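Asks: pasted the sequence and its predicted model underneath.
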Amino acid sequence: MGQKKCATPVYQHISESPQQFENWIKNKIDLKKTNILPQGRSNQEQATLYTIPVVFHIVHNGESLGSGGNIPDGQIFSQMDILNEDFRRLNADTVNTPPEFRPVAADIEVEFVLARRDPLGQATSGINRIQGIKAEWNAFSPIDDEQLKSTIYWPAEDYINIWVTALQSNVLGYASFPESSLPGIDNPETNRLLDGAVIDYNFFGEGFNAFTFSKGRTATHEIGHFLGLKHMDGDPELGVDGCTVDDFVDDTPNVEDQASGCPTGIVTCSSTDMIQNYMDFSDDECMNIFTEQQKDRMRVVLDNSPRRLSLLTSAGLIPPILGFDLGISEINNPSLINCEESLFPSITITNFGTQPVSSFDLSYQLNGGTLVSATHSDSTLESTESVTLTFPEIIIPEGPSDFRAVISNVAEGDENPTNDEINEIRFLEIREDIIPLREEFIESEFQNGWFVINFDNNLTWEIEEAGNPGFAAGVNHFNNAFIGEENWLVSPILDFSSTTEASLFFDVSYAVNLNRNDILRVLVSTDCGANFNNLVYEKSGAELSTNEGTSSWAPAGPEDYRKEEVDLNQFVGMPEVRVAFIAVNDFGNNLYLDNIEFYTTSLDKIVETQRNSIKIYPNPTSDEFNMVINLKERETITVEIMDATGRIIYTEDFNNTLNQTFSYDMETFPAGLYLIRAAGRTIDRTERLIKFR
């Protein structure tokens, strides 16, 4: 296996105009060079030491601490040492830098520290450990990337997120380039929820790895990308290589190909290749240099790119408050979606500080109304302890509500106000339905208990004309620059209690816009909507797409839709099921849903038929047959089986029939011709069936 296989070029190939970013950064570097300080000293000579907080998310496969992907702390500490040595040019192997390259070798004057404070202001080691849902992750799959990073994530404005896990296809790592939504840059910003680096645990740190050629320089290489550096050879993974394309850094010689192993004296492009550069692909033991102009590039990014600049003043750099820090941990009730209008508000408070707290007030407010307060003074809340306060019963209104909770009057004082208040949206929706069920969005507004959760009051699901024919539910991502925004389209409470089989079909229409990765996800709740813990469908980008286009997408007809199917058998017998269709914005293109249909039949038994029809199969049969009924609306259907003389030998009524498949055992029936009739309010059809031995 080769030393370096970096997936960053393919992963990051989302920019509509990378040359604009290069032009912008070149102008910034030129401006910096012309800014001469007093006594003739340049900005470069007066560089400030930048300190950046890092959080390592160890996403393992359930191994015990210190084994497999659940790597030991020592491996993490060794990686931090390597990063700081390489970026400060304190690495012992600087002596191996060839003499011709030593004049341009640079101390980047960037140091990395493990985060000291987490997003809630609590003390942290800067190391998180969590079991992932996959044994290995595909660096080239947008869905894998999103699932991995959503497993655990800290705000990219305040931390470098580095996920350490097992990667497929011999990929050692990948990273996101800096956000480039700055003046003079037309590129959409990188999704903040995906911002960071991913490293395979086998190539992380030194002294713990299965591969002896790994010396922890994969992280150095990927953080170089994170700070704006490109590969030295022009990224042949994207079909861009050769001596005419380089890394936009003048003091790194152009190279024709990526280095492999640890060669010496290689000359391509009329100059000696700098195989010692961290952004080449040579073995770790050969790497020992960043250059002065690579330094210029990285520091311009740190000075200007918003999510890189904000790292320098992150609260994650500040040791946590070690005294008095009381904070709201969770609003337990009301839950996200509620099925009872009468409830008891419940809020959990945690002592995040090191000192005990004897009393405090907790208040809540519903939809900006009167603050309802309670005092906790029954017992002292020790460090790390939590207490849940429950308030008297209230009635919440139907639809969305704003629920605000606030801590005040902490007896000993509270030195960290950032976690003293929380404001979240909550819903009451009590309408119920059963399956089978079909929703075609034929009205101008959502009906029948379907509703939308719009967390930020921005663009969201709407019913609009969308060619299927008629109306469909659509969400506008083409004009929505809020990357990562979620919009939920939620079903009524669905009763699965009388079903033994269940499945879901729906039509989707989406045109992938270049390589933006808008996501459609389907989650299922079994507790009426309090928790959505079951992911049953997820597609994004090209996999989700039914077309492609760089203009705002609107389907013209049924040919622009694709039918999707989801197995729901795991939820049969449950009385309070909700299904949520979640659109995750990546500033790509518009997404449409139509003909959402729940069956009381497994996927393998479903046969599409025309409305108000029946279909018999297999026909002829030797033992059993299936009858598919497809109606416009639910109604009671009487099924009759008659012999050739018209004598009824079997009859049964089926309530709430819509799109079912019914199975019948004919094994004991004599061979011959039979008539199968389905009759109801809107249908009366009879089909012939031949039974043979």
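Replies: Here it is on my side, so go on. Bear in mind the structure is a predicted one, so any value in this text is a computation, not a measurement.
Asks: how close does Leu593 sit to Ser509?
Replies: Computed as C-beta to C-beta, to the nearest Å, the Leu593 to Ser509 distance reads 8 Å. Every residue, glycine included, has its C-beta placed from N, CA and C.
Asks: please apply the same query to Phe455.
Replies: 24 Å.
Asks: please apply the same query to Met298.
Replies: Per C-beta to C-beta, Met298 is found 43 Å from Ser509.
Asks: which one of those two is surrounded by more residues?
Replies: Ser509 (28 against 25; other C-beta atoms under 10 Å).
Asks: hmm, Asn595 and that one touching each other?
Replies: No. Applying C-beta atoms under 8 Å as the test, Ser509 and Asn595 come out as separate, 11.0 Å apart.
Asks: least confident secondary structure element in this protein?
Replies: The weakest-scoring helix or strand in the chain, judged by mean pLDDT, DSSP states H and E, is helix 18-34 (a mean of 56).
Asks: after that one, next one along is what?
Replies: strand 50-60 (DSSP states H and E).
Asks: which elements pack onto that following strand?
Replies: Judged by 3 or more C-beta pairs under 8 Å, 6 or more residues apart in numbering; DSSP states H and E, the packing partners of strand 50-60 are helix 73-87, strand 110-114, strand 127-131, helix 142-151, strand 160-165.
Asks: what does the third one contact?
Replies: For strand 127-131, contacts defined as C-beta atoms under 8 Å, 6 or more residues apart in numbering pick out 55-62, 65, 70, 73, 76, 114, 151-152.
Asks: show me which of these is closest to Pro263.
Replies: Set against Pro263, the nearest of those by C-beta to C-beta is Ile76 (31.5 Å).
Asks: Three-state assignment for Ala542, please.
Replies: Under the three-state scheme (DSSP: H, G, I helix; E, B strand; the rest coil), Ala542 adopts helix.
Asks: per-residue pLDDT, it?
Replies: At Ala542, the model reports a pLDDT of 90.
Asks: what residues are up against it?
Replies: Per C-beta under 8 Å, 6+ apart, neighbours of Ala542: 512, 515.
Asks: end to end, how far does stretch 102-117 reach?
Replies: Across stretch 102-117, the terminal residues are separated by 38 Å (C-alpha to C-alpha, to the nearest Å).
Asks: ok, so of the contacts of strand 127-131, who is nearest Ala315?
Replies: Nearest to Ala315, judged by C-beta to C-beta, of the contacts of strand 127-131 is Val55 at 12.5 Å.
Asks: the closest one: what's it in contact with?
Replies: Counting by C-beta under 8 Å, 6+ apart, Val55 touches 114-115, 124, 126-128, 154, 159-162, 316.
Asks: tell me which element the closest residue to Leu504 other than its chain neighbours is part of?
Replies: Excluding the flanking residues, the one nearest Leu504 by C-beta to C-beta, 6 or more residues apart in numbering is Val566, at 4.2 Å. Secondary structure from DSSP H and E places Val566 in strand 562-567.
Asks: drop anything exposed from the contacts of strand 127-131.
Replies: 55-60, 70, 76, 114, 151-152 (16 or more other C-beta atoms under 10 Å).
Asks: return the member of these nearest to Ala135.
Replies: When the buried ones among the contacts of strand 127-131 are compared against Ala135 (criterion: C-beta to C-beta), the nearest one is His60, at 9.8 Å.
Asks: confidence score at that closest one?
Replies: In this model, His60 carries a pLDDT of 96.
Asks: that one: what's it in contact with?
Replies: Counting by C-beta under 8 Å, 6+ apart, His60 has contacts 68-71, 129-132, 165, 201.
Asks: contacts only, for Cys528.
Replies: Cys528 touches 337-339, 493, 576, 578, counting by C-beta under 8 Å, 6+ apart.
Asks: thinking again about what came up before, how about the helices and strands packed on strand 50-60, which one is nearest Thr499?
Replies: helix 142-151 (29.3 Å).
Asks: ok, residues contacting that closest one?
Replies: By C-beta under 8 Å, 6+ apart, helix 142-151 touches 11, 57, 59, 130, 132-134, 137-139, 161, 163, 165, 193-194, 196, 198, 517, 519, 538-541, 543, 584.
Asks: show me what counts as buried in that helix.
Replies: Burial within helix 142-151, assessed by neighbour count using 16+ other C-beta under 10 Å, is assigned to 142-149, 151.
Asks: can you redo those as TSV with pLDDT and distance to Asp280?
Replies: Shown next, in TSV, are these (pLDDT from 0 to 100; distance: C-beta to C-beta, whole Å):
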residue	pLDDT	distance to Asp280
Pro142	85	27
Ile143	85	31
Asp144	90	27
Asp145	92	25
Glu146	87	30
Gln147	90	31
Leu148	95	27
Lys149	94	27
Thr151	92	32
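Asks: same list (these) but as JSON lines, adding distance to Leu673.
Replies: As requested, the buried residues of helix 142-151 are exported to JSON lines (distance: C-beta to C-beta, whole Å):
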{"residue": "Pro142", "distance to Leu673": "56"}
{"residue": "Ile143", "distance to Leu673": "52"}
{"residue": "Asp144", "distance to Leu673": "55"}
{"residue": "Asp145", "distance to Leu673": "59"}
{"residue": "Glu146", "distance to Leu673": "57"}
{"residue": "Gln147", "distance to Leu673": "55"}
{"residue": "Leu148", "distance to Leu673": "60"}
{"residue": "Lys149", "distance to Leu673": "62"}
{"residue": "Thr151", "distance to Leu673": "60"}
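Asks: among these, which pair sits farthest apart?
Replies: Spanning the widest gap among these are Pro142 and Thr151, at 15.2 Å by C-beta to C-beta.
Asks: now the buried members of the contacts of helix 142-151.
Replies: Listed as buried from those are 11, 57, 59, 132, 137-139, 161, 163, 165, 193-194, 196, 198, 517, 519, 538-541, 584; burial here means 16+ other C-beta under 10 Å.
Asks: quick one: low-confidence parts of the stretch 1-150 of the chain?
Replies: The model of the stretch 1-150 of the chain has pLDDT under 70 over residues 1-4, 9-47.
Asks: how about 80 then?
Replies: Counting by pLDDT under 80, the stretch 1-150 of the chain contains low-confidence ranges at 1-5, 7-47, 120-122.
Asks: what do you get for the stretch 201-350 of the chain?
Replies: 209-214, 233-242, 244-246, 320-322.
Asks: which parts of it are strands?
Replies: 267-268, 271-272, 326-333, 337-338, 342-343, 346-351 (DSSP state E, counting those that start in this stretch).
Asks: now mean neighbour count and distance to Glu415 too, for the ones you listed, in JSON lines please.
Replies: Below are the strands of the stretch 201-350 of the chain laid out as JSON lines (neighbours: other C-beta atoms under 10 Å; distance: least, C-beta to C-beta, whole Å):
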{"stretch": "strand 267-268", "mean neighbour count": "14", "distance to Glu415": "59"}
{"stretch": "strand 271-272", "mean neighbour count": "14", "distance to Glu415": "57"}
{"stretch": "strand 326-333", "mean neighbour count": "19", "distance to Glu415": "10"}
{"stretch": "strand 337-338", "mean neighbour count": "22", "distance to Glu415": "35"}
{"stretch": "strand 342-343", "mean neighbour count": "14", "distance to Glu415": "33"}
{"stretch": "strand 346-351", "mean neighbour count": "20", "distance to Glu415": "12"}
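Asks: which residues are in contact with stretch 336-345?
Replies: With C-beta under 8 Å, 6+ apart, stretch 336-345 has contacts from 333-334, 364, 372, 390-398, 403, 425-430, 453, 490, 493, 525, 528-532, 576, 578.
Asks: could you dump the helices and strands packed on strand 50-60 to a markdown table with distance to Pro263?
Replies: Below are the helices and strands packed on strand 50-60 laid out as a markdown table (distance: least, C-beta to C-beta, whole Å):
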| stretch | distance to Pro263 |
| --- | --- |
| helix 73-87 | 21 |
| strand 110-114 | 29 |
| strand 127-131 | 37 |
| helix 142-151 | 33 |
| strand 160-165 | 30 |
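Asks: quick one: closest of the ones you listed to Glu100.
Replies: Between the helices and strands packed on strand 50-60, helix 73-87 lies closest to Glu100; by C-beta to C-beta that is 20.3 Å.
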